[in-house]
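Novice: let's see this in three dimensions:
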Amino acid sequence: MSDDLMKKMLRAVLQANKNGVSITRLQGEYRSLTGEFIPDRKLGYPSLECFLRSIPSVVRMENRMGEIMCFAAVCQETAHIAQLVARQKSSKRAPGRSQMLNCRMRSKLPYSSMGPSRPRSYNICGGFSAGGDIRKMYSQHDERANPPAPAPQSQNREPITQVKPSESNVPHPTPKALQPGDYNPQVVQNRISEVLKKYCSGLWLSKLPSVYRDMHKQDLPGQAVIDLENWTHICLVEKPVSTNRADRLVYPPQSKPPSLALSPVKPPTAPYTVKPATSLLAKPITTPTTTPTSPTPPSLTPTSPTPPFLTSPTRMASPTPTTPIPLSPTAVSIPAEARLRLKELLSKYSHGLWAHALPKLYQETFKVPFPEDILSNLSLLLDICTVEYPMTDNKMKAILYGPTTEYKAKVGLPFNSTPMVPPLLLPKEEFPSVLVVEARSTDQVILRYIGEGYSQALETMEESMSTVYSQVSAQRLLPFPSAGELAAVKVEGGEEVVRAQVCEVMTDKVKVYYVDHGFSEVLSRTKLLELQKDFLKLPFQATTCTLAGLEQFSSELSVLQTLESLAVGKILLVELLQHDADPPQVVLYDTSHDDEVNINVVCLKALQDKAMENPLQVNSTYMNVSVTNVCSDGTIFCQLPSRGRVKLNEILDKIEAFFITQVTSESLVSTPFCGKCCLARYKGRWSRVEITNLHGSRVLDIKFVDLGVPASVEVIELREIPPSFLHELMVIPPQAIKCCLVELEVGVWTPEAVLWLRGAVLNSMDCSMKISTLDEDKLVHIYLFTSKGSQDVTNSVNHQMATSDLWKQPGPQKDGLPTLTCSPIPVSTNTPSPLDGKQLVLPPLLELPQAGQNMDVYVSVACHPGHFVLQPWQDLYKLVVLMGEMVLYYNQREETPGPGDVQKGEVYAAKVDHNWHRVLVNRVLSSGLVSVYELDYGKHELVSCTLLQPLIESFRQLPFQGITAQLAGVEQCVWSEAATIVFRNHVEKKPLVAQVECVVEAELPWDRKMIVYLVDTSREETDIWVHNIMADFPEEQSTAA
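Specialist: Numbering: from 1, shown residues only. So this is what the prediction gives:
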C-alpha cells in the first residue's frame, strides 16, 4: 500500500469516529478496514505515536485523562465529511476481537402483522464472541457469563403512534391478516382448537401463527391474537412466572399442564461469542423527522436492541424456546444423590451442556453409571435445568442449561462502600478499555474503566468539584474524620479536587484512599473538606479484578514483576470473563503492537525454568529426537531429550493416577478463555494444552504445547490442572520445538509429500537432527535423520525428499529451490445448476416477512445503502451451534483431500480464519485459490483449494442466514465515500429493526433480495431512521454517475 493510500485510509478510519479513536485501538480499527497494520516501524519510526505526530495534516492528537486520542485533521477538502460525521449519533461499537456475537436475544415476533404489540422482555445470548477476533468468531464472543436481563417495562405501556407525513408517496400494502372482511372469529376459533388438539401440552404464542399457517394454509389474523386471551372456552393463555420471557403459552382449557412443565427453555449466558453484557429494553419505535424526499414507513412496534460487540470467539448461544416438554405421567423420579450430581455438573457449564454428552461426563466425574431413562425423558430434569433444541431437524440433540446467578460489581475500597454512592456497573462492552492503576497481586489488580459513563463522567464531575471548591464558602474542613468517611481532597500544587475515603486517622495526619484513582496517600488533616451530596451520584471508579489463570501465583515475584512492567500505568483492553465473581475474572490485552499481547499468558510464562530446556546451538547434533507432528505446510515439531521432558512425564503419570481416584466436578473447565492452560487427552493420556480460539461457548481450538499438535474439541473434554501439580507443570517450558527442513521451503505441500514425511519420521525411534540456523521467529532450520548412521546431509530426510519425485513438481521458484504448490483444480466447463437432482440438496429457503411487516436483524456486512447483508436476529444462535459442529467435524478431517472437481456455482464448506463456513464458489483460479461467497455472512473471500470440503447433509438443514438487502426510502445511486462511511458507521455490526418494503424472490437462496427500512431503536429518547440520515447527501446523489 502506498503512503498516500495509507494516509487516506487512516483519515477514513478517524473521520468515522467523531469522538476520536484511542491510540491503543487505532491499529485494530485500521486493520478492520484495510486488512493491514499501520506500517510505522517499516517507515523508520520507533513507535506508532511518533509516526502519527509526523503527519499532523492527517492526525490530530489530544491527551485526555492520560489517554492519547486521535482525531482526523480537518482540511478544506474534508471539512464537509467532518460536518456530516459530527451530526451522526455516537457509535456503540466496542473495540472487540471476539468472533462471536454477544448480546441479549429477543423473543421472536410473529410475522402476522397486528396492532401495536406489548413491550417484550428478552433472553440472554452468549459467546462471537462473533466478534470474532477480532478474536473470538464472530465474533465468537459469543458467548460468556453475563448479567441477567433487566425487568421488562410495563406490559400496559401504550406505544407512541406514528403519524404518516402527507409527503409520503410510498404505498405499503396491507398484510392479508389485516384486510377487512377476512376475519371470522368463529372459523378462527375452530381452527385454533384443531391446532391445540395436536399440541395438547401447550404451544408458545409466538409459534402459533406459523403453526396455524402450516395447518390451515392461511395466515392467522392479527386481531385473533389480540382476542385470544378472551377466548377462555377455546384456550388458556398464560405467562410463565419462572422466566423473564415476555412470550406466553397457549393451552387447551381442559388439559393445562402442571406448573413444572411450564418452565420454558432458558437461554444460556455465553460467545458470532460467544458473553452478553447488554440489555434490550422494550420500547416502541418513535416517529422520525422526515423530509419530502424520504417517506416515513408506517408505525413500528418491535422492541429495541442495544448493539452487540465483536467477539471471539467467538462465542454466542441464545436459544429460542421451543414447545414446552410435557412431563410423562409415568415418569420415574431421579434419586436425590443423582439429582445433586447432575445439578453440580450443569452449574459448571453455564453456557449449556449437550445432553448426549451427559452420560460419559457423569461417569468419568463421579465414577458411577449414569441413571437410566433420563435421556429418553428429559422432562425429568425440568426442575433443575432448562432444555433447548437448537437443531429443529434433530430432536436427539438437546442442550441443558443449569441455573444462572446474578453478578455483583466490586469497587476497590478498603472499607465497605457507603450506601449513598451507587455501585459501579460493569461495562456492557466485551472488551472495554481500562487504565491499570496498581497490581498488588494477580488477584488484586486495581483498574479504571475508560470511556463514556466512566472516565469521561469522572472528568466532568471533577471539573465541577474544582469549580465548586474554588469558592471559599464551599471549603469547609472535615471536623472529626473517622475511618470509612468520605471527603473531598484538593490536590497539592493544582486546582483539582478529588474524592477520597479515610483509611486511618493519626494525630495530625490521615491516610486516605482515592476512590476514583485507586491509590492511597498520607496527608494533613487540614486537607480534608466536606464532600457535598451532589458528588455522591457517580460510582467510585477504581475497581478491583483478578487475572484469570494466575490465581495460584498471586504472590510470585517473577509474575508480579512481569505484570508491573507490562500493565501498570498503561491503557489496555480487558476481557471480562465472570461477571458473577467477586472480584470479576479478567484477561488483559495490549493491542499497541502489531501482534496483540495476552498479558495473562506472558505472566504465566515468566514462571518457566529455562534450565529444563535443552539449549539449542547452531551446528549441534541431537540424538533420540522424537518427531511429534508434521503439519500440512511442511513444519514439524520435535521433542529433544531434556530435564523438562523427564519431569513432565513423571507429573503426567501422577495426574493420570489422580483422575482415576478423583470423584468431584472441581476439575471441569467452566470458564475457557484464550491462553488458558489446562489438560486434554491425546492418544489416551492427559497432556498439557493451551486454548487458542473459541467457537461459541462449547467448541474451542487447542494446541498440545508439548507435542505441537492442534485440535478442536468440546469444552467438556478439558480438565483443570490439579492444584497440587499446577506449579510443577507451569515451571516446565513447552517441550515441542518448531522446526523446518533445510532445502525444503515451508509452504503449501502436496498431500503426498506430507504423508510420505509422516510415514518416515513419526513412528521412528532413532531420529536425530542437526541445527543449521535459528531465525528470529523461533523457527529452527534442521537436517533430519532417521538412523544412527552417518550424519552427512546426503543421508538426511531433507536430501531424500528434495531428490525424489514428490518434490519435482512445477511451481514458482525462490532462491533456486522448488516450491510445492497446490495442483491446479480441474474446472468443469459445464456447471450444472445446484438444483440438479444429481447435485447436493440445498437447505430450505429462509422464511422472510411480507411487505409492511417487521423483522429483527443483524447487519453483518454493509458496503453502501444499495448493498448490505442482513441476518435474522432471532435464529442467530442456531448458526453459532451449526458452526461449532462444523469446526468439530471438519478440523478432524482437515488432512483429508478436498473435492477434486470444484465447480463454479456449487456449495461447499470452507475454512476462513479458523472457522468453517458454508460458501458458494464464485470462481476457480489457476493458482489454486478459489473465490467464495459466505452464504451466512455475506462476505467474499479467497481461500486455498486445500481448505474446501464437501458440505455434508447434516450441515444443509439450516437455511442460509445471509440475506442481501438495499435501503428503502432513498434513491439508489453510486454512493460517495462520505455517504458510505456514515452508512457503515450507523448499521454495520449492529442489531436493528427492519421494516420490509418488498422481497425480490428468486430460485436460488443467494439471489433473493429484500428492500427494507432500517431503524436503530437502541436509544430511549428517539429512534434513528437510517434512510433519513442518508437523505443528507443530496449533492452526491444528484451528481453521481
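
Novice: all strands of the stretch 301-450 of the chain, in order?
Specialist: Assigned by DSSP state E, counting those that start in this stretch, the strands in the stretch 301-450 of the chain fall at 310-311, 353-354, 386-388, 399-401, 433-441, 444-450.

Novice: ok, which of those comes nearest residue 786?
Specialist: strand 353-354 (43.0 Å; C-beta to C-beta). Every residue, glycine included, has its C-beta placed from N, CA and C.

Novice: can you list the strands that that closest one pairs with?
Specialist: strand 399-401 (antiparallel) (DSSP bridges).

Novice: how far off centre is the strand it pairs with?
Specialist: In terms of C-alpha atoms, centre = their mean, to the nearest Å, the centre of strand 399-401 is set 20 Å apart from its chain centre.

Novice: lowest average pLDDT across the strands of the stretch 301-450 of the chain?
Specialist: Lowest mean pLDDT within these: strand 310-311, a mean of 32.

Novice: need the strands of the stretch 301-450 of the chain in CSV with distance to residue 966 and mean neighbour count, can you?
Specialist: Listed next are the strands of the stretch 301-450 of the chain as CSV, based on distance: least, C-beta to C-beta, whole Å; neighbours: other C-beta atoms under 10 Å:
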stretch, distance to residue 966, mean neighbour count
strand 310-311, 24, 41
strand 353-354, 40, 21
strand 386-388, 35, 24
strand 399-401, 36, 24
strand 433-441, 35, 21
strand 444-450, 37, 23
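
Novice: adding distance to residue 885, write those out as JSON lines.
Specialist: Shown next, in JSON lines, are the strands of the stretch 301-450 of the chain (distance: least, C-beta to C-beta, whole Å):
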{"stretch": "strand 310-311", "distance to residue 885": "19"}
{"stretch": "strand 353-354", "distance to residue 885": "10"}
{"stretch": "strand 386-388", "distance to residue 885": "15"}
{"stretch": "strand 399-401", "distance to residue 885": "12"}
{"stretch": "strand 433-441", "distance to residue 885": "35"}
{"stretch": "strand 444-450", "distance to residue 885": "36"}
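
Novice: quick one, which of those strands is nearest to residue 665?
Specialist: Per C-beta to C-beta, nearest to residue 665 of the strands of the stretch 301-450 of the chain: strand 353-354, 11.6 Å.

Novice: ok, residues contacting the closest one?
Specialist: Residues outside strand 353-354 that contact it (C-beta atoms under 8 Å, 6 or more residues apart in numbering) are 345-346, 361, 397-402, 698, 714, 716.

Novice: off-centre distance for it?
Specialist: 19 Å.

Novice: and if you look at stretch 372-391?
Specialist: 27 Å.

Novice: which of the residues in it are buried?
Specialist: Of all the residues in stretch 372-391, those buried under the rule 16 or more other C-beta atoms under 10 Å are 374-375, 378-382, 384-391.

Novice: what does stretch 979-998 give?
Specialist: By neighbour count on 16+ other C-beta under 10 Å, the buried set for stretch 979-998 is 979-997.

Novice: ditto for stretch 500-519
Specialist: Neighbour count says stretch 500-519 has 500-503, 510-518 buried, by 16+ other C-beta under 10 Å.

Novice: which one of those residues is nearest to residue 888?
Specialist: Nearest member of the buried residues of stretch 500-519 to residue 888, counting by C-beta to C-beta, is residue 518, at 43.4 Å.

Novice: OK, contacts around that closest one?
Specialist: 412, 437-438, 446-448, 542.

Novice: not counting sequence-adjacent ones, nearest residue to residue 844?
Specialist: residue 959 (5.5 Å; C-beta to C-beta, 6 or more residues apart in numbering).

Novice: actually residue 505, not the one I typed
Specialist: Nearest residue to residue 505, sequence neighbours excluded (C-beta to C-beta, 6+ apart): residue 481, at 5.7 Å.
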